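Asks: Everything below, folded, please.
(one chain, ligands or ions: 2)
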Amino acid sequence: MGEQPAFIGAKVVDKYLDFATLIPLLEKALIHFSSGSEGGVVQPIRTIVPVAKYSGFLGVMPAYSKWDDALTTKVVTFYEKKTSSEIPSHQATVLLFEPSNGTLKAVIDGRVITDKRTAAVSAIATKLLKPSHAEILCILGSGAQAQSHYQVFTQQFSFKEVRVWSRTREKAERFARTAEGEVHVCSTPQEAVSGADVIITVTMATEPVLFGDWVKPGAHINAIGACRPDWRELDDVLMESCVLYVDSKEAAAKESGDIVISKASIFAEIGEVLKGTKPAVTDKTTVFKSVGMAVEDTVSAKLVYDSWLAENK
Ligand SMILES: NC(=O)c1ccc[n+]([C@@H]2O[C@H](COP(=O)([O-])OP(=O)(O)OC[C@H]3O[C@@H](n4cnc5c(N)ncnc54)[C@H](O)[C@@H]3O)[C@@H](O)[C@H]2O)c1
Ligand SMILES: O=C(O)[C@@H]1CCCCN1
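Replies: Ligands and ions are numbered 1, 2, ... in the order given. Take a look at the predicted model:
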């Protein structure tokens, strides 16, 4: 028998995944992903198994990155209705393999990876696409992604005001209480969005929660939810009037109801903007529709494993 794989839990993952280190790695991964075969990323569309009886889903997200020489698959479950307050709606594990021989090297908590890499990619998109004077940040939703987005956005940008709206006011208030800076709790999504320069939608909504008529012209929106073809977070008015960026054209056009149902046309992948082959439009309303990519998990898991190995040799 060979060596047992390392088991790396959420606390350790959190310690090693700091945004300042993660962001440049993710930028490179996005560029590689959007560079075709030259970029060396092999990432098939993920497999999603519906568990209809419980309104749940299991996703399998494999990827290999030639430049990082890293091979992983994430297994993620997500449930529409929370079964208890202790069990997160999204749970995940990342398996990291030795690419040269297929040996399983590590089993890594994937929940923190998912929370942090998703928020970090939104920050990358926002740096490129936000209007030049961005003073007001609005977050719709108050769950795990709201937290990680708040963390990275307040670290990377200096907004004068941060607003949050959540379906349950008490949860928005708890979010504001536990945030490190001042957060203004809004009673309606429209109130939260009105005049905002950057908007983040991080909900499990299946119908639109953000309407184009509310959005300040020129604002930038990071749309993180609506990861099923029949789920929406943004309405048709917004989808049809914005300049639309995505992480993966292939996945976004297949997986997100915001695109599938509205039939909005995609302008570019964020990786193309980072590469310089497509422009970053900053004087029109922009949407970054994120569905999440396996290669983001690959580079995050490699960072965690390499950092862990350096301390545990
Ligand atoms: N793009 C990506 O890479 C990526 C990665 C992970 C999660 N996500 C998506 O981001 C979203 C948030 O994930 P999370 O981990 O924060 O989940 P969470 O369960 O921690 O939080 C969900 C939030 O959505 C709110 N909500 C639920 N149903 C709603 C509805 N019908 N209308 C309005 N608000 C509603 C809840 O009150 C809560 O604030 C989910 O849609 C998830 O699938 C995307
Ligand atoms: O990219 C991800 O990790 C998530 C999984 C759950 C659905 C949305 N996307």
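Asks: By proximity to ligand 1, which residue of the stretch 1-150 of the chain wins?
Replies: Among the residues of the stretch 1-150 of the chain, G143 lies closest to ligand 1, at 2.0 Å counting by CB to the nearest ligand atom. No exception for glycine: its C-beta is placed from N, CA and C like everyone else's.
Asks: Report the contact partners of T72.
Replies: For T72, the contact set (CB atoms under 8 Å, 6 or more residues apart in numbering) comprises 62-63, 94-97, 294, 297-298, 301-302.
Asks: What segments of this protein are helices?
Replies: Taking DSSP state H as the test, the helices found in the chain are 10-16, 19-33, 111-129, 144-156, 169-178, 189-193, 236-241, 249-255, 257-260, 270-275, 294-312.
Asks: out of these, which comes closest to ligand 2?
Replies: Evaluated with CB to the nearest ligand atom, those place helix 111-129 nearest to ligand 2, the distance being 4.6 Å.
Asks: Relative to ligand 2, which residue of the chain is the closest?
Replies: Taking CB to the nearest ligand atom, ligand 2 has its nearest neighbour within the chain at G292, 1.9 Å off.
Asks: nearest spatial neighbour of that residue, skipping sequence neighbours?
Replies: T118 (5.9 Å; CB to CB, 6 or more residues apart in numbering).
Asks: Surely the one you found is in contact with A144?
Replies: No. Between T118 and A144 there is no contact under CB atoms under 8 Å: 9.4 Å.
Asks: So what sits opposite the closest residue to Q43 other than its chain neighbours in the bridge?
Replies: Nearest residue to Q43, sequence neighbours excluded (CB to CB, 6+ apart): A63, at 4.3 Å. Listed by DSSP bridges, the beta-bridge partners for A63 are T72.
Asks: Wait, A63 touches V42, no?
Replies: Yes. Counting by CB under 8 Å, A63 touches V42, with 6.6 Å between them.
Asks: which parts of the protein sit against ligand 2?
Replies: 59, 76, 78, 90, 114, 227, 291-292 (CB under 6 Å from any ligand atom).
Asks: and with 5 Å instead?
Replies: Within reach of ligand 2 by CB under 5 Å from any ligand atom, the chain has these residues: 76, 78, 114, 227, 292.
Asks: For R167, see how far away the closest residue to L25 other than its chain neighbours is.
Replies: With sequence-adjacent residues excluded and distances taken as CB to CB, 6+ apart, L25 is closest to V299, at 4.7 Å. V299 sits at a distance of 33 Å from R167 (criterion: CB to CB, to the nearest Å).
Asks: what does I87 give?
Replies: From I87 across to R167, the span is 19 Å (CB to CB).
Asks: Tell me which of those two has more neighbours.
Replies: More neighbours surround R167 than the other of I87 and R167, with 14 against 9 (other CB atoms under 10 Å).
Asks: Got the confidence number for that one?
Replies: Listed pLDDT for R167 reads 97.
Asks: list the contacts for it?
Replies: By CB under 8 Å, 6+ apart, the contact list for R167 reads T203.
Asks: Please apply the same query to I45.
Replies: Counting by CB under 8 Å, 6+ apart, I45 has contacts 250-251, 254-255.
Asks: domains for this protein, by residue range?
Replies: As recorded under automatic domain parsing, the domains making up the chain are 6-113+295-312, 115-292.
Asks: coming back round to it: so for T118 and A144, which residue has more residues nearby?
Replies: A direct count of neighbours by other CB under 10 Å for T118 and A144 places T118 higher, at 27 against 18.
Asks: Under the pLDDT cut-off, which ranges of the chain? List them.
Replies: Applying pLDDT under 70 to the chain flags the ranges 1-2, 83.
Asks: how about 90 then?
Replies: 1-3, 81-86, 313 (pLDDT under 90).
Asks: Tell me which residue in the stretch 201-313 of the chain sits closest to ligand 1.
Replies: G292 (2.4 Å).
Asks: how close does V185 sit to ligand 1?
Replies: According to CB to the nearest ligand atom, to the nearest Å, V185 stands 13 Å off from ligand 1.
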